[in-house]
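Visitor: Predicted coordinates and the sequence they were generated for:
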Amino acid sequence: YSQKGYQTPATYDAVVQLEYLDMVVNETLRLFPIAGRIQRVCKKDVEIKGLFIPKGVVVIIPTHVLHWDPKYWPEPKEFRPERFSKNNKDNIDPYLYLPFGVGPRNCIGMRFALISIKLAIVKILQNFSFKPCKETQVSKISNMLIHLFSNLFYWSNNVFGTISVL
């Protein structure tokens, strides 16, 4: 978005090109889903793997449990944006990653929410710098974020510059 102080406007086309930012947002939503559960009313009697679910019963799907299951996500508590890289994204079962629900009743504002999140991150990082104070203990995830930001941004006098399109 900028080089040496010149900021290019954060347009839709520019923001959607930020592949690593997309990976970071998806991994963040996996770790901390917006909706902790999805609810659906069973429309007809059904049996799934020997479990009978009668019509009218509310079925609750805990997204957080799915997103943190080591059977589907190796080292699920680790922040690893690479899970959502172009090479890996197609291997993710759409019924295991549900930050906005799934199917015909998924969140109608999903695309708007995702672009809004990304735009907010871009604008914050274009206009502010972040440094831990002396009392701040830097955790492993903080180190990963610092590494992430150093890959997305250039440093100028130990202050974040602004994004250059990847």
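Guide: Received the coordinates, thanks.
Visitor: what are the pairing partners of the helix or strand encompassing Val59, and which direction each?
Guide: Using DSSP states H and E, Val59 sits within strand 58-61. Applying DSSP bridges to the sheet, strand 58-61 is found paired with strand 38-41 (antiparallel).
Visitor: and the strand holding Val59, which residues are buried?
Guide: Residues of strand 58-61 classed as buried by neighbour count (16 or more other CB atoms under 10 Å): none. All C-beta atoms are positioned from the backbone trio N, CA, C, and that covers glycine.
Visitor: downstream neighbour of that strand in the secondary structure list?
Guide: Sequence-wise, the next helix or strand downstream of strand 58-61 (DSSP H and E) is helix 63-67.
Visitor: buried stuff in that next one?
Guide: Going by neighbour count (16+ other CB under 10 Å), the buried part of helix 63-67 is 63, 66-67.
Visitor: do the same with stretch 82-89
Guide: Within stretch 82-89, the residues scored as buried using 16+ other CB under 10 Å are 83-84.
Visitor: ok, now stretch 20-40?
Guide: 21-27, 29-31, 33, 38.
Visitor: export that stretch as PDB, just CAs?
Guide: C-alpha atoms of stretch 20-40 as PDB (Å, rounded to 0.1, in the frame of the first residue of the first chain):
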ATOM      1  CA  TYR A  20      -1.300 -13.700   4.100                       C
ATOM      2  CA  LEU A  21      -3.700 -11.300   5.800                       C
ATOM      3  CA  ASP A  22      -6.500 -13.600   4.600                       C
ATOM      4  CA  MET A  23      -4.700 -16.600   6.100                       C
ATOM      5  CA  VAL A  24      -4.300 -14.700   9.400                       C
ATOM      6  CA  VAL A  25      -7.900 -13.700   9.500                       C
ATOM      7  CA  ASN A  26      -9.100 -17.300   8.800                       C
ATOM      8  CA  GLU A  27      -6.800 -18.800  11.400                       C
ATOM      9  CA  THR A  28      -7.900 -16.200  13.900                       C
ATOM     10  CA  LEU A  29     -11.600 -17.100  13.200                       C
ATOM     11  CA  ARG A  30     -10.700 -20.800  13.600                       C
ATOM     12  CA  LEU A  31      -9.100 -20.200  17.000                       C
ATOM     13  CA  PHE A  32     -11.800 -17.700  18.100                       C
ATOM     14  CA  PRO A  33     -15.000 -18.200  16.100                       C
ATOM     15  CA  ILE A  34     -17.500 -15.400  16.100                       C
ATOM     16  CA  ALA A  35     -20.300 -17.800  16.800                       C
ATOM     17  CA  GLY A  36     -19.500 -20.400  19.400                       C
ATOM     18  CA  ARG A  37     -22.300 -22.600  18.100                       C
ATOM     19  CA  ILE A  38     -24.600 -23.200  15.200                       C
ATOM     20  CA  GLN A  39     -28.200 -24.200  15.800                       C
ATOM     21  CA  ARG A  40     -30.600 -25.900  13.500                       C
END
